[in-house]
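**Q** all I have is the shape, not the residue letters:
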């Protein structure tokens with residue numbers, strides 16, 4: 001395991017494991033306040049948003065000679081939506097879905113398999129018997145603790161399947177999901 005010269009404060013570890021990020025670390029993004037989340041009148045329709053996403057997918061995929069794409073498929077709405085838009089935008093591209101199944105954990109892979117079948121794509125289930133086995137390697141890559149270890153395994157598998165990896169990661173947070181995480185932090 002690679003050793004890091006910087007020390008991580010215990011509060012940082014607690015924040016990463018509970019909030020999913022470290023608010024004490026300087027961010028590249030400007031800090032948001034409640035005013036940033038007040039609904040503002042907008043002329044942006046869902047069709048415009050869909051067109052922008054599809055356009056970005058098309059531009060990224062079509063500018064490459066590689067026609068193999070992996071998608072992290074959890075069976076959730078966010079990854080299923082990305083898959084649907086990918087199939088709509090690039091129907092001839094070979095797509096391989098990747099789902100992670102941890103031993104003694106909730107298994108969403110059977111639902112992801114049904115989704116993959118519906119979209120007629122290959123489905124790979126990566127079974128992780130002992131998630132602690134590769135934890136030091138995963139942590140050494142990003143140089144800090146990270147609670148969401150499934151990404152390490154998704155990327156490891158995706159590297160064997162093609163050049164691109166797509167996901168719906170962040171969709172739940174963007175649209176206000178996972179509110180159960182924040183009940184203890186209410187104002």
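**A** Ah, there it is. The structure displayed is predicted, hence computed values, not measured ones.
**Q** doesn't residue 133 lie inside a helix?
**A** No: Residue 133 is assigned coil when assessed by DSSP: H, G, I helix; E, B strand; the rest coil, not a helix.
**Q** residue contacts, it?
**A** Taking CB atoms under 8 Å, 6 or more residues apart in numbering as the criterion, residue 133 is in contact with no other residue. For the C-beta atoms, the positions are set from N, CA and C on the backbone; glycine is no exception.
**Q** next: residue 145.
**A** For residue 145, the contact set (CB under 8 Å, 6+ apart) comprises 8, 13, 16, 17, 139.
**Q** at 6 Å what do you get?
**A** 13, 16, 139 (CB atoms under 6 Å, 6 or more residues apart in numbering).
**Q** cool, and residue 87?
**A** residue 119.
**Q** just the buried positions in stretch 149-161, please.
**A** For stretch 149-161, a neighbour-count test (16 or more other CB atoms under 10 Å) marks 149, 150, 151, 152, 153, 154, 157, 158, 161 as buried.
**Q** I'd like the distance between the closest residue in space to residue 102 that isn't next to it in sequence and residue 79.
**A** Among residues not flanking residue 102 along the chain, residue 128 sits closest, at 5.0 Å (CB to CB, 6 or more residues apart in numbering). In this view, residue 128 and residue 79 are 18 Å apart by CB to CB, to the nearest Å.
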